[in-house]
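Peer 1: sequence and predicted structure below; questions after.
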Amino acid sequence: MKLYNTLTRQITELKPQNPPEVKLYTCGPTVYDYMHIGNWFTFIRYDTLVRTLIAVGFKPTWVMNITDVGHLTSDADTGEDKLAAKAVREGKTAWEIADFYTKYFEQGLRRLNFIIPAVMPKATENIPEQINFIKSLETKGYTYQINDGIYYDTSKFSRYRDFANLELDEIQPGARIEHNPQKRNPSDFALWKFSPTDAKRDMEWDSPWGKGFPGWHIECSAMCLKYLGPTLDIHSGGIDHIPVHHTNEIAQSEALTEQSLAKFWVHTNHILINNIKISKSLGNTITLEDLADKGFAPETLRLLVLESHYRSQSRFSWDSLASAQTRLLRYKNFAVRRFQLTGSDRLAPPDLLSYLANDLNTPEALAELEAWFDLAESKTLQLESIENAISLIDQLLGLNLAGVKDISDATKALIAKRERARTQKNWVLADSMRKELQGAGILVLDTPSGPIWQYLD
Ligand SMILES: [Zn+2]
């Protein structure tokens, strides 16, 4: 029995319920800390999916939630609320933590040239929707109450056993971790957790069952239903969400609506640093600020992400990032040709879309792009061909080549002066000017039709 339909290989063959709209939901960040590159890897892949959907003619409605309450340190409802724990460590309220890291995340989306989702709903702003969802599940007999909350009885959802038997081996190991002994089944999960009786939480709400806060999984089910309806065209999230989070979303949503939660699922694989999974507990998290400190632009990370396929494990190392930076420099130096000598050669833009539309094959799209640059560099392209290519690359890959700047008038004047010295065979002067330009990060290449310049980094 197939539990998760993976995205159709040819995205053009996706048959959305209400074409051309594609209802797309992404499990968003838990806003309790700085996003690390593992998080960004995942989100960049969904941004690429959205760009591809648009390019093939669909109109995605992209919803990405912000988890600002209820995500416990274990995905299986044990441990502390991640936000509350961070608030205690930093001497702030959970609300301040959520606000700070939500803004940080949104700023990161802009820095990385994301297409911004149509809605980014917060769990804390959808509490009544979650309570109503739980009430409906209660009416249908899927819930029970124990000392610390309202739980979903997974034995009532017959397909849950299929998940556990066929794909979700991890549910059973999960049962070994500390859990409330009053739970009827190890895989049962919290829909509503009660506030402790001896302490006041920063984030808590009244509910028909008592003061408390929603479990993590229920927010996605409630927000999918509210913003996109009972069935999504595509649901996306990290592969690590399969065993618990997405299974529980399906159990909640399909019990309520009796319809399929999602037609297709896109699960992105892990990223490894030195063959180890990224984890805060291992201390191997790297942020965009760490990249900037070492001189890497955000687009370099984006390009590195695109070098691997979303279904495969990707690897990060500083060396691989440096290679991506070299590759990006080639792209940028193509982009600056629009400020220089242009000719009459025409060249159709690279056919990136046929690779992207085939299961988001980004590595092959980049190979196509490299071959296209080989061809483009042998020609004196007309301005329009250059601009068309830049616009297509930016549209599909989000590399912001259109933002690559021209050099200053003073630098241009220096290049012209050097050229005059060269034509006057004043090699010493021409050479000293070439060195001066190099010091300013500009490389001048002498071609039969005159000098052209490129950035050195
Ligand atoms: Zn989710």
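Peer 2: Structure's in. What do you need?

Peer 1: use CA for all of it now, contacts and neighbours both
Peer 2: OK.

Peer 1: show me what contacts the residue in the chain positioned nearest to the ion?
Peer 2: With C-alpha to the ion as the measure, Cys27 is the residue of the chain nearest to the ion, at 4.1 Å. Contact partners of Cys27, counting by C-alpha atoms under 8 Å, 6 or more residues apart in numbering, are Met64, Asn65, Cys220, Ser236, Gly237.

Peer 1: what sits opposite the closest residue to it other than its chain neighbours in the beta ladder?
Peer 2: Once flanking residues are discounted, Cys27 sits nearest to Gly237: 5.3 Å by C-alpha to C-alpha, 6 or more residues apart in numbering. The partner list for Gly237 in beta bridges (DSSP bridges) reads His267.

Peer 1: what about Gly237, how many neighbours?
Peer 2: 22 (other C-alpha atoms under 10 Å).

Peer 1: mind listing what it touches?
Peer 2: Thr26, Cys27, Gly28, Thr42, Val266, His267, Thr268.

Peer 1: which ones are touching Gln130?
Peer 2: So Gln130 contacts Pro214, Ile218, Glu219, Ala222 (C-alpha under 8 Å, 6+ apart).

Peer 1: please report which of those residues has the highest neighbour count.
Peer 2: In terms of neighbour count, Glu219 stands highest of these at 29 neighbours, by other C-alpha under 10 Å.

Peer 1: ok, that residue to Leu341 distance?
Peer 2: 55 Å (C-alpha to C-alpha, to the nearest Å).

Peer 1: next one: Ser385
Peer 2: From Ser385 to Leu341 the distance is 13 Å (C-alpha to C-alpha).

Peer 1: please say which of those two ends up with more neighbours.
Peer 2: Using other C-alpha under 10 Å, the more surrounded residue of Ser385 and Leu341 is Ser385, with 19 against 15.

Peer 1: using the three-state scheme, assign the more buried one.
Peer 2: Three-state call for Ser385 (DSSP: H, G, I helix; E, B strand; the rest coil): helix.

Peer 1: what's it in contact with, if anything?
Peer 2: Arg346, Leu347, Ala348, Pro349.

Peer 1: for these, which one is nearest Val56?
Peer 2: Nearest to Val56, judged by C-alpha to C-alpha, of those is Pro349 at 15.7 Å.

Peer 1: contact partners for the closest one?
Peer 2: Ser385, Asn388, Ala389, Leu392.

Peer 1: now with 6 Å, please.
Peer 2: Going by C-alpha atoms under 6 Å, 6 or more residues apart in numbering, Pro349 touches Ala389.

Peer 1: could you look up the SS state of it?
Peer 2: Quick answer, by three-state DSSP: Pro349 is coil.

Peer 1: so for it, what's the pLDDT?
Peer 2: Model confidence at Pro349, given as pLDDT, is 97.

Peer 1: same deal with Thr197?
Peer 2: Looking at Thr197, the pLDDT reads 87.

Peer 1: residue numbers of this structure in contact with the ion?
Peer 2: Residues of the chain lying near the ion by C-alpha under 5 Å from the ion: Cys27, Cys220.

Peer 1: where does pLDDT dip in the chain?
Peer 2: 1-3, 74-79, 163-179 (pLDDT under 70).

Peer 1: quick one, domains of it?
Peer 2: Domain ranges of the chain: 11-268, 288-403, 409-455, per automatic domain parsing.

Peer 1: tell me how far the ends of the first one are from each other?
Peer 2: The distance separating the two terminal residues of domain 11-268, taken as C-alpha to C-alpha, comes to 16 Å.

Peer 1: next one: it to chain centre, how far?
Peer 2: Centroid separation between domain 11-268 and its chain, computed with C-alpha atoms, centre = their mean, to the nearest Å, is 16 Å.

Peer 1: residue boundaries of the strands in the stretch 51-200 of the chain?
Peer 2: 59-64, 143-146, 149-152, 189-194 (DSSP state E, counting those that start in this stretch).

Peer 1: with mean neighbour count added, can I get these in CSV?
Peer 2: As requested, the strands of the stretch 51-200 of the chain are exported to CSV (neighbours: other C-alpha atoms under 10 Å):
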stretch, mean neighbour count
strand 59-64, 21
strand 143-146, 18
strand 149-152, 23
strand 189-194, 26
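
Peer 1: output these as CSV; include the columns distance to Lys405.
Peer 2: CSV is the format used below for these (distance: least, C-alpha to C-alpha, whole Å):
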stretch, distance to Lys405
strand 59-64, 31
strand 143-146, 59
strand 149-152, 56
strand 189-194, 52
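
Peer 1: select, out of the ones you listed, the one closest to Ala365.
Peer 2: strand 59-64 (21.5 Å).

Peer 1: what does that closest one rub up against?
Peer 2: 20-28, 117-120.

Peer 1: among these, which pair sits farthest apart?
Peer 2: Pro20 and Gly28 (24.0 Å).

Peer 1: doesn't Gly210 fall inside a helix?
Peer 2: No - using three-state DSSP, the assignment for Gly210 is coil, not a helix.

Peer 1: what is the residue nearest to it when sequence neighbours are not counted paired to in the beta sheet?
Peer 2: Nearest residue to Gly210, sequence neighbours excluded (C-alpha to C-alpha, 6+ apart): Phe194, at 6.6 Å. Per DSSP bridges, the residues bridged to Phe194 are Gly212.

Peer 1: does Phe194 really touch Gly149, like I thought?
Peer 2: Yes - with contacts counted by C-alpha atoms under 6 Å, Phe194 reaches Gly149, the gap being 5.2 Å.

Peer 1: show the contacting residues for Arg422.
Peer 2: Ala430.

Peer 1: rerun that using 10 Å as the cut-off
Peer 2: Ala416, Val428, Leu429, Ala430, Asp431 (C-alpha atoms under 10 Å, 6 or more residues apart in numbering).
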